[in-house]
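Chemist: whatever this is, show me its structure:
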Amino acid sequence: MRLLLPLLLVAATVTAHASTAPADPPIRMPGLWLMNTGPGGAAAMTSSFHMCIGKVASDDVLAHPDSTLSNCRDQQWTKDAYYTYYRAVCDAKGSTATVEARFTGDFKYNFHGEVATTYAPAVDGVASVKAEIDGRRLAPCRADLPEGKFLIKGKDGVGNLNLGEPIRK
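Modeler: The predicted model follows:
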């Protein structure tokens, strides 16, 4: 019994920390962010883009160029001692998508998320997909960078995004 009591106290403490509470959506610190997205566990298939985040009241941390999701509703953000969670129902190519995500990081300088999307009915034969998203703040935005636009090197005249070099238009 003496050994069992400390184990029960530890289990009760872990359970108390694991409960989630409603949370505001995370907002990334303004600046130039490097974003990497790709299928869960498939680092070789990662796509990267930059985005200039301005001083906004809201921020879609899940937005990326290849997203097929639109009209997300019933969005819920919750948080516990370790993670920030997201859940929503969205439209996707004539299907309904349920999105569930779990994030770590401070959203000021970095974050990492694991996103699971389930489609009903399946989209192009795919019923569910898992992806990962990483974000890292690099620097303040240059004055000539548009806020909120996906900046993909080699597209739309985007060249080197270093602060000291002018952007090509």
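Chemist: contacts for stretch 118-125, please.
Modeler: When contacts are defined by CB atoms under 8 Å, 6 or more residues apart in numbering, stretch 118-125 is touched by residues 68, 92-98, 126-129. Where you see a C-beta, it was placed from the backbone N, CA and C, and this is true even at glycine.
Chemist: again, only using 10 Å
Modeler: For stretch 118-125, the surrounding residues in contact (CB atoms under 10 Å, 6 or more residues apart in numbering) are 68, 89-90, 92-100, 117, 126-129.
Chemist: buried ones in it, by neighbour count?
Modeler: Within stretch 118-125, the residues that qualify as buried are 119, 123, counting by 16 or more other CB atoms under 10 Å.
Chemist: neighbouring strands for the host helix or strand of Glu100, and are they parallel or not?
Modeler: Per DSSP states H and E, Glu100 falls inside strand 95-105. Using DSSP bridges, the strands paired with strand 95-105 are strand 84-92 (antiparallel), strand 110-123 (antiparallel).
Chemist: mind listing what's buried along the shortest one?
Modeler: Right, strand 84-92. Residues 84-86, 88, 90, 92 are the ones in strand 84-92 that count as buried (16+ other CB under 10 Å).
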